[in-house]
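A.B. asks: Quick one, what's the 3D model for this:
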Amino acid sequence: MLRTRGYRYELRVNNKERTFLTKCAGISRFAWNWGLAARKQRYQTQTGSAKYTDAMKQHKELNRLKQTNFPWMYEVSKCIPQEALRDLDRAYQNFFSNLHQKKRKQTTRYLGLPKFKKKGKSKDSFRLTGVIRIFPGVRRVQLPRLGKLRLKEKPNLPTSARILSATVSRTADRWYVALTVKEEQPDPEPNNGPLVALDKGFSVFAVLSSGIPIPKPKFLLRQARKQRRLSKAHTRKQEGSNNKRKSALRLARFYRRITNQRHNFLHQTSTYLAKNHSMIITEDLHVKGLMQNKKLSKYWADLSHGTFQRLLTYKAPFYGSTVIEIDRWFPSSKLCSNCLYYRRDLTLADRVFHCPLYGLALDRDQNAAFNIANYYAIYQDLLFSVAESSAETLNACGEAVRPAFQQARVAESGRTAPKTVWTNCL
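C.D. replies: This is a model prediction of the structure:
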């Protein structure tokens, strides 16, 4: 199986190399801003199809201007402005594609127009293509017009990997290179681990249907005092002074350390679940909606449930496991995992689920994990059932005739138990 993967390494650069990398990032930012300004001017002055352009046409136009207006762009590789214009073209394509999807009501996500990048406010990065080589024995990477740069660790690329591109970026005062490679990998063997359901929580990071809770790490919240102290010290510095730049660097190093700690936790947790379970059932958590709560947004941001779901989704095929996301509107927290009693009055403050029918008292997140596992156990019978008179295997538009959670709803009085009973899948 041919896969596309990325490998990221930290560079060990000196002052001269660091200055040249900063210049390359600046030229990439300049090409983006130049292309964006040219597109906006073209849209306002031209008519018809002439209002639009693409990356190739803009790159040819920029090459003509290099000799007279921008001769300093010859100091770096020609790939840097070319890839920046390709990124700009891809951003416009995503914008127009999002507009068509919103008109057809296929998505509620909004992607705005590309914006200008300001020095010091945007991330310093650029992408290179062409002849890129790795020297594992001496810990070197060879990049176009940059030469051989030292790495802080030995690269572990497989011998059959073909390097497609290299993206150089800066975080605080450290430079990194990310190699995009295409490599041949054998098909993974089927995972024989058990099925597990995952409920992403707030008081804890997540709860498994096996009864194991994953505690909340609180990487940023535990150092909130230091964050406030560094932020206040930064705001007191005079704009444009050396002290302002030094305080900004200290603050950037602090956030980089927090980010590395969080990513390490997310990688370890997602790898453990993908390696040891054949099927992982998770809920489609609406992270963007949760972040709109100003009182709780920083707590949800520190958990990074969206990043965790992305890591889990791409790691599962490498270990022969499967990730399934259930319906976002499935009320996993409000259903009793034993009798399916539906509690309308359950709030976020209720951390223990009490069933008034049979007296079940269970942790809220643990009860939700059981419901998620039960949801998948019977979803094929309830969600993908069709009318008996029809020979088709799917309903109109592929939707379910009777969502599973609708059968579980009872009258608000709740004096009778539902007929359908879900047994715990543990």
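A.B. asks: Can you pull the domain assignment for the protein?
C.D. replies: For the chain, automatic domain parsing gives the domain ranges 2-184, 195-326.
A.B. asks: In a markdown table, list the ones you listed along with mean pLDDT, distance to residue 347 and mean neighbour count.
C.D. replies: The C-beta positions use only the backbone N, C-alpha and C, and glycine is treated the same way. Putting these into a markdown table (pLDDT from 0 to 100; distance: least, C-beta to C-beta, whole Å; neighbours: other C-beta atoms under 10 Å) gives the following:
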| stretch | mean pLDDT | distance to residue 347 | mean neighbour count |
| --- | --- | --- | --- |
| domain 2-184 | 94 | 25 | 15 |
| domain 195-326 | 91 | 12 | 16 |
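A.B. asks: Tabulate those domains in JSON lines, adding columns for distance to residue 374.
C.D. replies: Listed next are the domains of the chain as JSON lines, based on distance: least, C-beta to C-beta, whole Å:
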{"stretch": "domain 2-184", "distance to residue 374": "28"}
{"stretch": "domain 195-326", "distance to residue 374": "8"}
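A.B. asks: what packs against the longest helix seen in the chain?
C.D. replies: As assigned by DSSP state H, the longest helix anywhere in the chain is helix 242-276. Contact analysis of helix 242-276 by 3 or more C-beta pairs under 8 Å, 6 or more residues apart in numbering; DSSP states H and E lists helix 224-236, helix 305-315 as its packing neighbours.
A.B. asks: Just the CA trace of the last one, in PDB.
C.D. replies: What follows is helix 305-315 as a C-alpha-only set of coordinates in PDB (Å, rounded to 0.1, in the frame of the first residue of the first chain):
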ATOM      1  CA  HIS A 305     -10.600  17.100  21.500                       C
ATOM      2  CA  GLY A 306     -10.500  18.100  17.800                       C
ATOM      3  CA  THR A 307      -6.800  17.400  17.500                       C
ATOM      4  CA  PHE A 308      -7.200  14.100  19.300                       C
ATOM      5  CA  GLN A 309     -10.000  13.000  16.900                       C
ATOM      6  CA  ARG A 310      -7.800  13.800  13.900                       C
ATOM      7  CA  LEU A 311      -4.800  11.900  15.300                       C
ATOM      8  CA  LEU A 312      -7.000   8.900  16.100                       C
ATOM      9  CA  THR A 313      -8.600   8.900  12.700                       C
ATOM     10  CA  TYR A 314      -5.300   8.800  10.700                       C
ATOM     11  CA  LYS A 315      -3.500   6.400  13.100                       C
END
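A.B. asks: packing partners for it?
C.D. replies: helix 242-276, strand 279-283, strand 322-326.
A.B. asks: Quick one: closest of those to residue 26.
C.D. replies: For these, proximity to residue 26 was assessed by C-beta to C-beta; helix 242-276 is nearest, at 16.5 Å.
A.B. asks: Please work out the angle formed by the directions of the closest one and helix 224-236.
C.D. replies: Per axes from the mean of the first three to the mean of the last three C-alpha atoms, to 10 degrees, the angle that helix 242-276 makes with helix 224-236 is 150 degrees.
A.B. asks: how far is helix 242-276 from where the chain is centred?
C.D. replies: A distance of 15 Å separates the C-alpha centroid of helix 242-276 from that of its chain, computed with C-alpha atoms, centre = their mean, to the nearest Å.
A.B. asks: mind checking how far residue 68 is from residue 62?
C.D. replies: Note on residue 68: its distance to residue 62, by C-beta to C-beta, to the nearest Å, is 12 Å.
A.B. asks: Thought residue 320 was touching residue 188, still the case?
C.D. replies: Yes: the pair residue 188 / residue 320 is scored as a contact, 4.0 Å apart, by C-beta atoms under 8 Å.
A.B. asks: now the residue nearest to the spatial centre of the chain, nearest residue through space, not along the chain?
C.D. replies: Closest residue to the average C-alpha location of the chain: residue 307 at 4.3 Å, with C-alpha atoms, centre = their mean. Closest residue in space to residue 307, ignoring its immediate chain neighbours: residue 266 at 5.9 Å, by C-beta to C-beta, 6 or more residues apart in numbering.
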